[in-house]
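**Q** following is a predicted model, sequence given first.
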Amino acid sequence: MQAIILAGGKGTRLRPYTTVLPKPLMPVGDYPILEIIVRQLKSRGFTEIVLAVGHLSHLFQAFFQNGERFGVNIRYSLEEQALGTAGPIALALDVLDDDFLVMNGDVLTTLNYDKLINFHRQNKAAATISVFQRKLMIDFGVIHTRDERLENYIEKPVYDFAVSMGINVFNKDAIREFVPPGQRLDIPDLVPLYREFSDVPVVSISDAQRSPLPWINWRATIYHGLPPDLYRLEERPRGYLAFLGRISPEKRADRAIDIANRAGMELKIAAKVDAVDRDYFEQQIKPLLDNPLVEFIGEIGEMEKGGFLGNARALLFPIDWPEPFGLAMIEALACGTPVIAYRRGSVPEIIEDGVTGFVVNDEQEAVEAVARLHTIRRRRCRKEFERRFSSHRMAADYLEVYEQLLCRQELSGRSVA
């Protein structure tokens, strides 16, 4: 039997620890999480395992190698660019059996994989999702109202949920059309799923993210957050502009170079070049780097971001696509660094024009914004980060949504999540 283990995430909730060690390689007792999973799969008859890796992929390869010492054959599906939740599956489809297991690389369980696979095959299913029954007790009395009238009162109710375990079985031919290779697969690519389960509540990371699928059962917008102590305020920056991210057509590093040239300021570019964008870099961006005002640093690690962003006068964010959030913007604000960003996607939600940076429509406005950077107070940028984009605020917002959903749950006990 074959399994794909998804281990390409950056483990942002565990940063800064995961900047040097991927979450699946973190130890539980004497063994890394992923080693325990591999040994469990081997004991249940799995002989072929595909590790879908991206972030710090070399550490996975160094530790597991070809899998021989674990008694399995391990192959690697390398994400040259972020492919979302489902995208990595497409990269491995051609080496998989008709039915295969897909699971997250941080799930420890006593699930009987044999029964799961057999259930899937007996039902000739396209996909089988494993769930766990989870009871949740509310420590308070829950009031149900309709039109501001009391409908029912339940003292300390217990709710029963069927929660996803992150372990699924798929039929290759049945899902192939939904997972085209080389494409990032996120919310817009899962339209059939959302139409089928249209009553499931969904949280967006920006109001802009809702645009492609406005009919989904959106319950809240909760912006991403970062630990307040991950970056520190830098009040005395140096005299350069910063560009951080990937070299790709939609990120528009070429625009950033043009803006810096016209403003007469140095530009430092810290960006990775994925294989899929190599030709674009060589043909469109590399010729522009032969410029005394431009320094191409290349990809930097998480530990270097604070100094890079903190010492910049501003972060240039001249994107050319509807960015659903843009983590680099709040990373800059955490350092006290204002952002000059094009009015695309979530930018007007993240950046308060004239307060934490400038939201611009074209290159001319961006150049003018550089000249007005002295009007932005770096302490205010940091305060707005702490107020709007801390991990504490994010967690509190999610808890509030969960509590609201529980209070609205039907008396029949039907799950709302």
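**A** Yep, that arrived.
**Q** show me what contacts residue 384?
**A** Residues near residue 384 by CB atoms under 8 Å, 6 or more residues apart in numbering: 333, 352, 355, 356. For glycine as for every other residue, the C-beta is placed from the backbone atoms N, C-alpha and C.
**Q** what helix or strand is it on?
**A** helix 378-388 (DSSP states H and E).
**Q** give the next helix or strand downstream of that helix.
**A** Assigned by DSSP H and E, the successor of helix 378-388 is helix 391-407.
**Q** may I see the buried residues of that next one?
**A** By 16 or more other CB atoms under 10 Å, the buried positions in helix 391-407 come out as 391, 393, 394, 397, 402, 405, 406, 407.
**Q** by contact count, what packs against it?
**A** Packing partners of helix 391-407 (3 or more CB pairs under 8 Å, 6 or more residues apart in numbering; DSSP states H and E): strand 142-146, strand 218-221.
**Q** who wins for proximity to residue 242 among these?
**A** strand 218-221 (27.3 Å; CB to CB).
**Q** other SSEs contacting the closest one?
**A** So strand 218-221, by 3+ CB pairs under 8 Å, 6+ apart, packs with strand 202-204, helix 391-407.
**Q** domain-wise, how is this structure divided?
**A** Using automatic domain parsing, the domain ranges for the chain come out as 2-131+167-178, 240-389.
**Q** which of the ones you listed comes out lowest on mean pLDDT?
**A** Of all the domains of the chain, the minimum mean pLDDT falls on domain 2-131+167-178 (a mean of 80).
**Q** correct me if wrong: residue 324 contacts residue 344.
**A** No - with contact defined as CB atoms under 8 Å, residue 324 does not reach residue 344; the gap is 10.4 Å.
**Q** show me which of the contacts of residue 384 are buried.
**A** 333, 352, 356.
**Q** what ranges do the helices span in the stretch 151-300 of the chain?
**A** Counting by DSSP state H, counting those that start in this stretch, the stretch 151-300 of the chain has helices at residues 172-175, 191-196, 253-263, 278-280.
**Q** give me the buried stretch members for the third one, please.
**A** Within helix 253-263, the residues that qualify as buried by neighbour count (16+ other CB under 10 Å) are 253, 254, 255, 256, 257, 258, 259, 260, 263.
**Q** one more: the shortest one?
**A** By neighbour count, and taking 16+ other CB under 10 Å as the criterion, the buried residues in helix 278-280 are residue 280.
**Q** quick one: that helix to chain centroid distance?
**A** 24 Å (CA atoms, centre = their mean, to the nearest Å).
**Q** could you say what helices and strands it packs with?
**A** Short answer (3+ CB pairs under 8 Å, 6+ apart): helix 278-280 packs on no helix or strand.
**Q** the top strand by length along the chain to strand 142-146, inter-axis angle?
**A** When the chain is scanned for its longest strand (criterion: DSSP state E), the result is strand 158-171. Counting by axes from the mean of the first three to the mean of the last three CA atoms, to 10 degrees, strand 158-171 lies at 80 degrees to strand 142-146.
**Q** which parts of strand 158-171 count as buried, going by neighbours?
**A** 159, 161, 165, 166, 167, 168, 169, 170, 171.
**Q** of those, closest to residue 23?
**A** Using CB to CB, the buried residues of strand 158-171 come closest to residue 23 at residue 166, 12.8 Å.
**Q** bridging residues for the nearest residue to that closest one once chain neighbours are set aside?
**A** Nearest residue to residue 166 in three dimensions, chain neighbours excluded: residue 104, at 3.9 Å (CB to CB, 6 or more residues apart in numbering). In this entry, residue 104 is beta-bridged to residue 6, by DSSP bridges.
**Q** contacts only, for residue 104.
**A** Counting by CB under 8 Å, 6+ apart, residue 104 touches 5, 6, 7, 166, 167.
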